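S.K.: Kindly generate the corresponding structure for this input.
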Amino acid sequence: MLNRYPLWKYILILFVIVLGLVYAAPNLYAPDPAIQVSGQSSGLEITQKDLDRASKALEESGIEYFGGELQERAVLIRLASADDQKEARKAVQRALGSNYVVALNQASNTPQWLQSLAATPMKLGLDLSGGVHFLMEVDTQDAVNKRQATNANELKKKWREVRALYEGRVLVSADNVIEARFSDEAEREEAISVARSEFPDLIIATEERDGKFFLQLTMSEFSIREIEDYAVSQNLVTLRNRVNELGVSEPLVQRQGRNRIVVELPGVQDTAEAKRVIGKTANLEFRLGAESNTPASQREQYEFRPEEGENFARTAWLERKVIITGENVSNARPGIDPQTGQAEVSITLDSDGGSKMHRATWKNIGRSMGVLFVEYKTLEKRSIDEEGNEVITNQRVIEKNIINLATIQAALGVQFRITGLDSPVEASELALLLRAGALAAPMFFVQESTIGPSLGAENIELGVLSVQLGLGFVLIFMLVYYRVFGLAANIALTANLVLLIAIMSLFGATLTLPGIAGIVLTVGMAVDANVLIFSRIREEIKNGLPPQSAINSGFERAFTTILDANITTLIVAIILFGIGSGPVKGFAVTLSIGILTSMFSAIMVTRAIVNMIYGGRRVEKLWI
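M.R.: Just a heads-up that it's a prediction; the model follows:
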């Protein structure tokens, strides 16, 4: 019988639509503006006392809040107004101090029964709401300083291989000039010959003072620029790896200017963790423990990282010379020491790092070796100016603490373990940072911001209005022009919009303004398929076919045209996704999903409704 679906098809269509309603429903529950507090270090436990201190700071600042929640490793406080988020963050940060990270967040309001079904709302891009924007500055001068210090050490080694060509020490001045002193001009000329062959990028100058012959070597502007570019590029790669570890969808990590990096994380849920992990510029240095006869100029004293409950500082002397750094780490995995039950990190070095570690430990069995945890922080320093106004400046601090000091029992290779960590959480975070890659130079936060609440709300309002207007005009046109068939198309079009939102929510797609444009375009394309079908039905009726045959022929013959048109558009959307970035990808994702849902709604849903109205009965005239 024409125009009748079997029962299972109706059940399947109904099931898909109901499923779409369930997974689209979380988008009806707008999140609350909030601030989130977590520890600067993953080992810092967040307690009810911290929540009380944060609440008191908000009360003293006159900021209205509600629903303070003590979560695992964090505190979430919901605010009455999004306009108060930045002031609330400042007030709580001031009250808790620099050991805590206070970040802006959006607190979900999705009912528990929907959460139990893994139903979550769509993530919104930075141009709508949510997410965070970081501007970070790379200390490229530090990278230049390290390279020149390495050049100085390598020069000494090369000169020693020839013979003792220099008197005294090879020094690196504050302006990165390597200076060496020689007893006669012949020695200096020989040293110049070695430097030119081994370090052609260094600019050589000579000078005579007090009967001594000096040699100065400086880096060229081209070399300095090359080092700076490498440092920023390496940090870009590291940041992207860290963002990938966080699981953020459609992030933006790109260079800005000569030494700055922009990081945008749309739709991120745990902004405090993101700030801590991305902003943490930690590295490791492996050094031998200093002995009693080690010259004072070749050793430094460091404190151990304090363990829980300690109220005193333990210190140890380490040699200035670094064996390897975190740059030589190729892999890092957290774990538990089976003998002590303490957290540990299993380290795998690259070939160069493994060779250096083997040489250093093979020659020094019985001596101690320390693991130095180097962390670069930006602290807020508050002062009062002459007019009595509070001035906040960012102070950059480098902290170095020993996390492990152990006796070398045997020569180490490419694999070994780091112990002495406070908790499994800290071990996981350290492994993440090392696995993501070492930073070529320290980075510091210059700016942290979000899209202003008013701008985000305006974008959302205009975007929703555009969808409403587009959908409204289409619904009216279809109802007036195609009558009963227009009503069926309108129901299918509504189902299409629900399914589109549900799929984007289910797969965690990030909705941006270009994405909303894709939704509006999808609405038009979905109706276009129905227009083709209905026009075909009209033609078949004019050709003399009976109504039931005309309906069947219209759907069957228009299918090929609809399929061809949608496949070509889908190919374009896939190309846009492949070669585009940021907003272009957001548009491509929305368009691709919209094409698939529109074909289902235009062909399956519309025909199911038409079959229910006209199928299985005698029809004299079609209202089309």
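S.K.: Can you name the element that comes right after whichever strand or helix holds residue 425?
M.R.: Using DSSP states H and E, residue 425 sits in helix 424-436. Remark: after helix 424-436, the chain's next helix or strand is strand 443-449, criterion DSSP H and E.
S.K.: Residue 288 belongs to a strand?
M.R.: Yes - counting by DSSP: H, G, I helix; E, B strand; the rest coil, residue 288 is located in a strand.
S.K.: name the element the closest residue to residue 95 other than its chain neighbours belongs to?
M.R.: Closest residue to residue 95 apart from its sequence neighbours, by C-beta to C-beta, 6 or more residues apart in numbering: residue 57 at 3.6 Å. (Glycine included, C-beta is placed from N, CA and C.) Residue 57 belongs to helix 48-60 when assigned by DSSP H and E.
S.K.: just checking, what packs against that helix?
M.R.: strand 32-39, strand 65-71, strand 74-79, helix 85-96 (3 or more C-beta pairs under 8 Å, 6 or more residues apart in numbering; DSSP states H and E).
S.K.: got a list of contacts for it?
M.R.: 35, 37, 65, 68, 70, 75, 77, 88, 91-92, 94-96, 100 (C-beta atoms under 8 Å, 6 or more residues apart in numbering).
S.K.: Send me it as CSV with only the CA atoms.
M.R.: Extracted C-alpha coordinates of helix 48-60, given in CSV (Å, rounded to 0.1, in the frame of the first residue of the first chain):
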residue,chain,number,x,y,z
GLN,A,48,35.6,24.4,54.5
LYS,A,49,37.8,27.1,56.1
ASP,A,50,38.8,28.3,52.7
LEU,A,51,35.2,28.5,51.6
ASP,A,52,34.4,30.5,54.7
ARG,A,53,37.2,33.0,54.1
ALA,A,54,36.2,33.5,50.5
SER,A,55,32.5,34.0,51.6
LYS,A,56,33.6,36.5,54.2
ALA,A,57,35.6,38.4,51.6
LEU,A,58,32.6,38.7,49.3
GLU,A,59,30.4,39.9,52.1
GLU,A,60,32.9,42.6,53.1
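S.K.: now that helix, how far from the chain's geometric center?
M.R.: Put simply, helix 48-60 sits 29 Å off its chain's centre (C-alpha atoms, centre = their mean, to the nearest Å).
S.K.: try stretch 595-603
M.R.: Going by C-alpha atoms, centre = their mean, where stretch 595-603 is centred and where its chain is centred differ by 34 Å.
S.K.: Ok, stretch 531-548 next?
M.R.: 54 Å.
S.K.: domain parsing for this protein?
M.R.: Domains of the chain are assigned by automatic domain parsing as 7-26+452-614, 32-107, 141-224, 225-449.
S.K.: any chance of the ones you listed in JSON lines, plus distance to residue 135 and mean pLDDT?
M.R.: Converted to JSON lines, those look like this (distance: least, C-beta to C-beta, whole Å; pLDDT from 0 to 100):
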{"stretch": "domain 7-26+452-614", "distance to residue 135": "16", "mean pLDDT": "85"}
{"stretch": "domain 32-107", "distance to residue 135": "15", "mean pLDDT": "84"}
{"stretch": "domain 141-224", "distance to residue 135": "18", "mean pLDDT": "80"}
{"stretch": "domain 225-449", "distance to residue 135": "4", "mean pLDDT": "78"}
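S.K.: With mean neighbour count and distance to residue 115 added, can I get the ones you listed in TSV?
M.R.: Shown next, in TSV, are the domains of the chain (neighbours: other C-beta atoms under 10 Å; distance: least, C-beta to C-beta, whole Å):
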stretch	mean neighbour count	distance to residue 115
domain 7-26+452-614	18	8
domain 32-107	18	13
domain 141-224	15	45
domain 225-449	17	13
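S.K.: what's the residue nearest the centre of the chain in contact with, if anything?
M.R.: The structure's the chain has its C-alpha centroid closest to residue 243; by C-alpha atoms, centre = their mean the separation is 2.8 Å. The contact partners of residue 243, by C-beta under 8 Å, 6+ apart, come to 251, 253, 263, 265, 278.
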